[in-house]
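1. Sequence and computational prediction follow.
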Amino acid sequence: MNYIIKAIIPIIVLFIVFFGAAKGVKVYECFVEGAKDGIGICLRIFPYLLAMILAVGVFRESGALDCFIRIITPFVKLIGIPPEVVPLILIKPLSGSGSLGVFAEILNKFGADSSIGRTASIIMGSTETIFYTITVYFGAVKIKKIRHTLWAALMADLIAIIMSILLVRIFF
Amino acid sequence: MINYIWLFIISFGIIFGILTGRGAEVSKSIIFSADSTVKLIISLGGILCLWCGIMKIAEKSGLINKLAKILRPFLRLIFKDAGKEDKVLGAIVMNLTANMMGLSNAATPFGIKAMDEMKKYNKDEDSASDDMVLFLVLNACCIQLLPTTVLSIRAAVGSNNPAEIIIPSIIATSTATIFGIIFCKILQRYF
């Protein structure tokens, strides 16, 4: 089972190509034609991605993010969120690589099997880099008014965080 | 909305950095962001083209339609307009499946494809439709059956049982997904 999961990509590719050939699709020409679309998408999302990476980079490197974390920590403690995981919670929606660094740091410091380590692991496994997703997907179709996307996504994120904390208490 | 958030993040970051004496770091990060975006787009570009090519085969052969048909009853409940179109549903299904398997690189091209298709039925050019928002929120809290990166980092730091967090993670994301759908349905009336 584990091996199948690891080999899932080649299996999917084989299945799709095989299915296509069986249905009489000219698979090679079709692949090339589709791959051309990918280049267009790349060019379309590039400026949006640049705008976001620039903003997140500036916010982190200036120390503003650290300062923000320090201000918010006492309030977060009140709701029962362990202050040690606050940096992870704040950075996760903004940056995938950044959150990976913070996550590894938390595990190193407190141990993977500690309650903080477990909470961080579940948060890491159940939340997404919202800003990246919004930038890429809406950028690709040139949507400028995102309406309630950010609020709904952040609130769902908060639910995942609260659940992570509760589940660690229940499960372990 | 996004204008204000971007303006706030960038201006607050720069002013804060300059006042606290981190001008050099901020300046470095500005230059570096251009560099890292190019690197990201190039690595993303390859895999994007690859999956777009594979997707095209799946689309032409009718595989997408078949997949969409199976999941249509469920997705129709939550996607108001997109639920009627095979092409949109197919891309949504592929995106969500890839996400569940932890293949975020594969999920992105399918997601963009889904947005592209949804845009065709969107009346307003600039503004996101209810379905687009819902799709994005589903992506933001998507159920992940196998959080591969988390597992490998846990194993790397010497956890006794790296996989013990899988079940709690699935419960946490499922709850968040259900709430995400509810939040969307409530908030869409006010925006």
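-> Great, that's in hand. Residues are numbered from 1 along each chain as shown, chains lettered A, B, ... in the order given.
2. is any part of the helix or strand containing B:Leu7 close to chain A?
-> Under the criterion of DSSP states H and E, B:Leu7 resides in helix B:2-19. Yes - applying C-beta under 8 Å from any C-beta of the partner chain, one finds helix B:2-19 touching chain A at B:2, B:5-6, B:9-10, B:12-14, B:16-18. Yep, even glycine has a C-beta here, placed from its N, CA and C like the rest.
3. so A:Arg60 makes contact with B:Ile30?
-> No - contact criterion C-beta atoms under 8 Å: A:Arg60 and B:Ile30 do not qualify, at 12.0 Å.
4. More neighbours: which of the two?
-> Taking other C-beta atoms under 10 Å in any protein chain shown, A:Arg60 and B:Ile30 do not tie; A:Arg60 has more neighbours (20 against 16).
5. Who are the contact partners of that one?
-> A:91, A:94-95, A:98, B:13, B:29 (C-beta atoms under 8 Å, 6 or more residues apart in numbering or on different chains).
6. Counting neighbours, which bits of the helix ranked longest in chain A end up buried?
-> Counting residues, the longest helix found in chain A (DSSP state H) is helix A:27-61. Within helix A:27-61, the residues scored as buried using 16 or more other C-beta atoms under 10 Å in any protein chain shown are A:27, A:30-31, A:34-35, A:37-38, A:41-42, A:44-46, A:48-61.
7. Kindly report the same for stretch A:161-169.
-> Those would be A:161-168, for stretch A:161-169 by 16+ other C-beta under 10 Å.
8. Dump these to TSV, plus distance to chain B and pLDDT.
-> Output for the buried residues of stretch A:161-169, formatted as TSV (distance: C-beta to the nearest C-beta, whole Å; pLDDT from 0 to 100):
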residue	distance to chain B	pLDDT
A:Ile161	8	92
A:Ile162	9	92
A:Met163	4	93
A:Ser164	5	94
A:Ile165	9	93
A:Leu166	9	93
A:Leu167	4	94
A:Val168	7	93
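9. can you tell me which of those are in strands?
-> Using DSSP state E, no member of the buried residues of stretch A:161-169 sits in strands.
10. Closest one of the residues you listed to A:Val86?
-> Here the nearest of the buried residues of stretch A:161-169 to A:Val86, counting by C-beta to C-beta, is A:Ile161; it sits at 10.1 Å.
11. got the residue ranges for the strands in chain B?
-> Under DSSP E, chain B gives no strands.
12. quick revisit: reformat the residues of helix B:2-19 next to chain A as a markdown table; add neighbour count, distance to B:Pro73 and pLDDT.
-> Converted to a markdown table, the residues of helix B:2-19 next to chain A look like this (neighbours: other C-beta atoms under 10 Å in any protein chain shown; distance: C-beta to C-beta, whole Å; pLDDT from 0 to 100):
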| residue | neighbour count | distance to B:Pro73 | pLDDT |
| --- | --- | --- | --- |
| B:Ile2 | 19 | 34 | 70 |
| B:Ile5 | 13 | 37 | 79 |
| B:Trp6 | 14 | 40 | 85 |
| B:Ile9 | 20 | 41 | 87 |
| B:Ile10 | 19 | 45 | 91 |
| B:Phe12 | 17 | 47 | 92 |
| B:Gly13 | 26 | 47 | 92 |
| B:Ile14 | 19 | 51 | 94 |
| B:Phe16 | 19 | 51 | 93 |
| B:Gly17 | 23 | 52 | 93 |
| B:Ile18 | 13 | 56 | 93 |
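13. Pick out whichever of those residues sits closest to A:Leu154.
-> Distance to A:Leu154 across those (C-beta to C-beta) is lowest for B:Ile5, with 11.3 Å.
14. How about that closest one: what's its closest non-neighbour residue?
-> Leaving aside its chain neighbours, B:Ile5 sits nearest to A:Leu150 (7.6 Å; criterion: C-beta to C-beta, 6 or more residues apart in numbering or on different chains).
15. And for B:Ser169?
-> That would be A:Gly125: by C-beta to C-beta, 6+ apart, it lies 3.7 Å from B:Ser169.
16. How about A:Phe68?
-> A:Phe68's closest residue in space is A:Leu90 (C-beta to C-beta, 6+ apart), at 6.9 Å.
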